[in-house]
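Student: Need a 3D model of the sequence below.
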Amino acid sequence: MNSKVTLVIRILLAAFMLLFGINKFAQFMPFPPVPGDGGTLMDIYISSGFMGVVGALEIVAGLALLAGKFIPISLTVIIAIMVNATLFHVFHDPATVMGSVIGLVLGVVLVFAYKDKFGTYLNA
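Tutor: Have a look, this model is predicted:
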């Protein structure tokens, strides 16, 4: 993949992670309540501090991507968060799934752009 395209995607994903990570603490973008069991689950995540941990991981991974350091471990953390976010939205709030899908797709594209950094994990 073209290095300029990879750089743009890396910066977009870093900005995405920083925006949503910081929002977990500053709450400048209010999210509508999630209906049903998803809302109950989200309330538990928030009250237990779990979302704070996720937000901190998003910020650290986003900063690392922005700096171009520790890219494989940052992408591993980001992919794990995005898979969980996507599954949560698919099962509990499908109308709002698009943001997590975009983050997941950007992350997967970067994994393949940096596949040489992942060693044998991506070799068939």
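
Student: Which positions within the lengthiest helix in the chain qualify as buried?
Tutor: The longest helix of the chain (DSSP state H) is helix 3-26. Using 16 or more other C-beta atoms under 10 Å as the test for burial, helix 3-26 gives 9, 10, 13, 14, 16, 17, 18, 20, 21, 22, 24. Where C-beta positions appear, they are placed from N, C-alpha and C, glycine not excepted.

Student: surely the fifth one meets residue 104?
Tutor: To tie it back to what came earlier, the one meant is residue 16. No - between residue 16 and residue 104 there is no contact under C-beta atoms under 8 Å: 10.6 Å.

Student: Just the closest of the buried residues of helix 3-26 to residue 116, please.
Tutor: residue 10 (15.0 Å; C-beta to C-beta).

Student: What's the separation between that closest one and residue 28?
Tutor: 24 Å (C-beta to C-beta, to the nearest Å).

Student: pLDDT of the one helix or strand residue 64 maps to, averaged?
Tutor: Taking DSSP states H and E as the definition, one finds residue 64 inside helix 50-67. Helix 50-67 comes out with an average pLDDT of 97.

Student: what's residue 22 in contact with, if anything?
Tutor: Each residue near residue 22 by C-beta atoms under 8 Å, 6 or more residues apart in numbering is listed here: 28, 55, 59.

Student: For this protein, give me the ranges with low pLDDT.
Tutor: 122-124 (pLDDT under 70).

Student: Would you mind giving the buried residues of helix 3-26 as CSV with distance to residue 1 added?
Tutor: Below are these laid out as CSV (distance: C-beta to C-beta, whole Å):
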residue, distance to residue 1
9, 9
10, 11
13, 14
14, 17
16, 19
17, 20
18, 23
20, 25
21, 26
22, 28
24, 31
